[in-house]
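In: What shape does this take:
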Amino acid sequence: MVFFLGSKVFRKKILQLQTTMEGMKENLMCPIHLDLLENAKTLPCQHVVCEECMALWVSKKGELLCPTCKTSHPLPAGGVANLPTNFMINGLVEEVKKMEKGDKKKSRRKSSDSDKPQKGEKKERTPQPKNADGKKSFLEKTGKVFEDICGATIKVRVQLCDSDENPIRGTKTDHVNASVISPKGKKFGAGISYQKKDGDYMVSFEPKMCGVYRMEVMLGKQNIKGSPLMVVIHPEGKFLAGVTGQIKHPKDVVDMGLSFCVTDEHDGMFHCMDWLGRQIIEVQSPQGKDSNDCSPFGIAMAGDKLYITDQKCNSVYIYNKGSYVNSFGKKYLDVPMGIAVDKSGQIFVSNQGTNEVVVFGQNLSFLKKMDAVSGKKSNSGSNAISLLALNQAEDQLVVADNAGCCLKILSLEKGEVVKTLFTRVGQATAKPFGVAIDKDDNIYVTVTFDPSDQKTGGGKGQHQGGQRGGRKTSGGDGDSEERGAVLMYNSEGYFLGRFGINELLNPGGICILEEPFLTAVVVDMVGTGMGSQGPCLKVFNI
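Out: Numbers count the residues shown, from 1 in each chain. You can find the predicted model right below:
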């Protein structure tokens, strides 16, 4: 039986088919990009998402949070790629795609049947178009999400399709072009290679820095479906070495080129040592004080001078090559923690006693105070700030709110908190401590967390107060050992990744070395393991 295109029966059949397909498509849609699922992955809550969409979602949220029911789940080892693949859903999606294509072909056949030439008339052939259509062609990223790190080659396959979404072989004469926009907004060309065997194209580039890249792929002047494609480059975080030296109770660290200066509560001031841990400068005690009178904490460098906060004396000390120069701030400081100095010589001190940032001028005179915990409040309702870092390019301060389990971004122009970033490791709430910023304005923060919170949803092991002491946290299942990590964000607060989770126990301050390659030096205030029998500096390749 043949149904002609204009018949009521045919229209009814088409309408029924379309209704069925729409119902199926609605149940097979990704909750993130709102189209048919691609490589569907099943979450523990049984909701289903695309692998690529979920990977980007995790990168942005910093945890495996279901986009449908908002339930937080532990991220499996290896990332989103190791979530269970839903083969049944993937099979249904393929069937829906086939039905859509088959329906279009059937419609064309019925239309052609109604226009069949009568006997004796010459049949005219209408060739099917085989030209590639950019709107129907698509991109497919290869490789695993967690493998997207600096130095790795990022590859994206380009499958050309005709106007009916049928895959077709490309030719070397296809006008496929591609470009990439770096996290800093710089545009550069991507490599394009024609795959003769499969008849498709491979677009590739090698990222030089962590952050969010945008790949634009075009066929002629048309954007190919899925372009621009967002690619998040994560930190590698490979552990390189541990540096011990004579440090006993280290807190913060600053880079001095070929050496480091580390504040040490045990010895009363700081150690200046090389990569082998050897002391290279003899440090004087502040005038009229011995090591027992001081409790050094934060440290910053500006020119030839070192600035060190002292919690016991509520002051800031200035040193030049190991020699004590001056002190200031005693009237205005109450438990000073972190310190930073800008290019103009202004000095910023995080004051834990009042949860404020105290600002001093180049001549060491008091200028103003800025509230460091206003804006969005922490879940616990309490706040106690620790170290801070200065982002001069963005005219901002990044302050670690240890008790609030978040970072507070302060605008120097407005003098107030403009953004809050809550710190988590998977499901576990993480307490921030040290903060650093690299030349590309990426933010690094050291955190501690209770691994048992991964199972309980963050309800256990919540310490009050800003300074971390013991390593044990008590919960319903008994005592558990805290761990440490370094979290990385871009300047907009987009989560890029974490590292050090297997090497750090109780991380403190952090500094970033730009040369000869991007490196993080982290104070581990406990430091056992990884070749160290005590507190040390741990070095990671970013």
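
In: So if we follow the domain assignment, how does this protein break up?
Out: If you go by automatic domain parsing, the domain ranges for the chain are 9-107, 130-234, 238-460+478-541.

In: Could you look over those and pick the most buried one?
Out: domain 238-460+478-541 (a mean of 20; mean count of other Cβ atoms under 10 Å). Just so you know, the C-beta spots here come from the backbone N, C-alpha and C atoms, and that holds for glycine as well.

In: Between the two ends of that one, how far is it?
Out: End-to-end distance of domain 238-460+478-541 (Cα to Cα, to the nearest Å): 5 Å.

In: swap in stretch 213-226?
Out: 14 Å.

In: quick one on the thing from earlier: where among the domains of the chain is average confidence lowest?
Out: The minimum mean pLDDT among those belongs to domain 9-107 (a mean of 77).

In: Pull the distance from that domain to the chain's centre.
Out: 25 Å (Cα atoms, centre = their mean, to the nearest Å).

In: Test my guess that residue 523 contacts residue 250.
Out: Yes. Residue 523 is in contact with residue 250 according to Cβ atoms under 8 Å; the separation is 4.8 Å.

In: List the contacts of the nearest residue in space to residue 518 that is not next to it in sequence.
Out: Sequence neighbours aside, residue 542 is the residue nearest to residue 518 in space, at 4.3 Å (criterion: Cβ to Cβ, 6 or more residues apart in numbering). Residue 542 makes contact with 150, 210, 235-237, 438, 488, 499, 512, 518-520, according to Cβ atoms under 8 Å, 6 or more residues apart in numbering.

In: Residue 248 contacts residue 267, correct?
Out: Yes. Counting by Cβ under 8 Å, residue 248 does reach residue 267; the two are 6.7 Å apart.

In: measure stretch 43-55 end to end?
Out: Start-to-end span of stretch 43-55 (Cα to Cα) is 12 Å.

In: Outside of it itself, list whatever touches it.
Out: 30-33, 37-42, 57, 64, 66-69, 71, 73, 79-81, 83, 86, 89, 141, 145, 232.

In: So which of those residues are in strands?
Out: Members of the contacts of stretch 43-55 lying in strands (criterion: DSSP state E): 40-42, 64, 73, 141, 232.

In: how about those residues in JSON lines, adding distance to residue 25?
Out: As requested, the ones in strands among the contacts of stretch 43-55 are exported to JSON lines (distance: Cβ to Cβ, whole Å):
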{"residue": "40", "distance to residue 25": "14"}
{"residue": "41", "distance to residue 25": "19"}
{"residue": "42", "distance to residue 25": "19"}
{"residue": "64", "distance to residue 25": "26"}
{"residue": "73", "distance to residue 25": "26"}
{"residue": "141", "distance to residue 25": "23"}
{"residue": "232", "distance to residue 25": "28"}
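
In: so which of those comes closest to residue 277?
Out: Using Cβ to Cβ, residue 232 is the member of the ones in strands among the contacts of stretch 43-55 that sits closest to residue 277, with 36.1 Å.

In: any idea how far that closest one is from residue 494?
Out: Distance of residue 232 to residue 494, computed by Cβ to Cβ, to the nearest Å: 8 Å.

In: do the same with residue 170
Out: For residue 170 relative to residue 494 (Cβ to Cβ), the value is 34 Å.

In: Which residue ranges of the stretch 401-542 of the chain form helices?
Out: 453-456 (DSSP state H, counting those that start in this stretch).

In: show me where the stretch 151-300 of the chain has strands.
Out: 154-159, 176-181, 187-189, 191-195, 200-205, 211-219, 222-223, 229-233, 238-243, 250-255, 260-264, 269-273, 296-302 (DSSP state E, counting those that start in this stretch).

In: and the helix or strand where residue 338 lies, what other elements does it pack with?
Out: Using DSSP states H and E, residue 338 maps to strand 336-341. Judged by 3 or more Cβ pairs under 8 Å, 6 or more residues apart in numbering; DSSP states H and E, strand 336-341 is in contact with strand 296-302, strand 305-310, strand 315-320, strand 347-351, strand 385-391, strand 396-401.

In: any idea of the angle it forms with strand 296-302?
Out: 0 degrees (axes from the mean of the first three to the mean of the last three Cα atoms, to 10 degrees).

In: so what's the residue nearest the centre of the chain up against?
Out: By Cα atoms, centre = their mean, the chain has its centre lying nearest to residue 496, at 1.4 Å. Counting by Cβ under 8 Å, 6+ apart, residue 496 makes contact with 59, 210-212, 232-235, 442, 488-490.

In: hang on, the earlier thing: now, which of the contacts of residue 542 sits nearest residue 421?
Out: Among the contacts of residue 542, and counting by Cβ to Cβ, the member closest to residue 421 is residue 488, at 11.5 Å.

In: Residue 399 and residue 408 touch, don't they?
Out: Yes. The criterion here is Cβ under 8 Å, and residue 399 meets it with residue 408 at 4.6 Å.

In: intersection of neighbour lists for the two?
Out: With Cβ under 8 Å, 6+ apart, residue 399 and residue 408 have common neighbours 372, 385.

In: So what touches the strand holding residue 338?
Out: 252, 297-302, 307-311, 314-316, 329, 347-352, 358, 385-390, 397, 399-400, 435, 466.

In: Now render the strands of the stretch 151-300 of the chain as a markdown table, adding distance to residue 534.
Out: Formatted as a markdown table, those follow (distance: least, Cβ to Cβ, whole Å):
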| stretch | distance to residue 534 |
| --- | --- |
| strand 154-159 | 41 |
| strand 176-181 | 45 |
| strand 187-189 | 46 |
| strand 191-195 | 48 |
| strand 200-205 | 43 |
| strand 211-219 | 35 |
| strand 222-223 | 57 |
| strand 229-233 | 35 |
| strand 238-243 | 10 |
| strand 250-255 | 10 |
| strand 260-264 | 12 |
| strand 269-273 | 14 |
| strand 296-302 | 18 |
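
In: And the helices in the stretch 1-150 of the chain?
Out: Ranges of helices within the stretch 1-150 of the chain are 8-27, 51-61, 87-114, based on DSSP H, counting those that start in this stretch.

In: so the second one versus strand 229-233, what angle?
Out: Between the direction of helix 51-61 and that of strand 229-233, the angle (the same axes, to 10 degrees) works out to 60 degrees.

In: now the angle between strand 211-219 and helix 51-61, please.
Out: Using the same axes, to 10 degrees, helix 51-61 lies at 150 degrees relative to strand 211-219.
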